[in-house]
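> structure, please.
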Amino acid sequence: PSYLEEHDFVTTCVLSQLLGGGGSFSAGGPGKGLYSRMYMNVLNRNELMRTAVSYNQAYEDSGCFYMHFGCDPPFLKKMIDVALREIGLLIAHMPDA
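Residues are numbered from 1 along each chain as shown. Got it, this is the predicted structure:
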């Protein structure tokens with residue numbers, strides 16, 4: 001959303017931060033950062049997922065909120081299921097405005 005015109009601009013910024021995300025864990029295991037939803041619900045539970053990140057790109061006249069998921073090719077179908085489940089959880093637990 002455009003930061004000048006979209007009344008939910010701050011909401012999308014907060015949502016992006018809560019979802020968080022990042023790459024798969026390096027040696028030493030998880031726990032090197034915040035436990036965001038993407039880390040807890042996606043990366044920690046699916047060892048073949050390589051990336052799960054949310055972004056909020058906002059410009060003066062436009063913007064885009066999106067989530068990026070990455071995996072090895074054999075895991076693609078499972079990754080799509082995991083991504084859709086996470087989006088479904090966002091919709092199912094949406095607070096009343």
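> can you verify Q17 is assigned to a strand?
No. Assessed with DSSP: H, G, I helix; E, B strand; the rest coil, Q17 is helix; it does not lie in a strand.
> give the pairing partners of the worst-scoring helix or strand of the chain on mean pLDDT; include direction for each.
Ranked by mean pLDDT, DSSP states H and E, the weakest helix or strand in the chain is strand 21-23, scoring a mean of 73. With DSSP bridges as the test, strand 21-23 is paired with strand 49-58 (antiparallel).
> in the partner strand, what's buried?
M49, T51, A52, V53, S54, N56, A58 (16 or more other CB atoms under 10 Å). C-betas here are computed from N, CA, C, even on glycine.
> which residue packs closest to the last one, ignoring adjacent ones?
To tie it back to what came earlier, the one meant is A58. Excluding the flanking residues, the one nearest A58 by CB to CB, 6 or more residues apart in numbering is Y3, at 4.4 Å.
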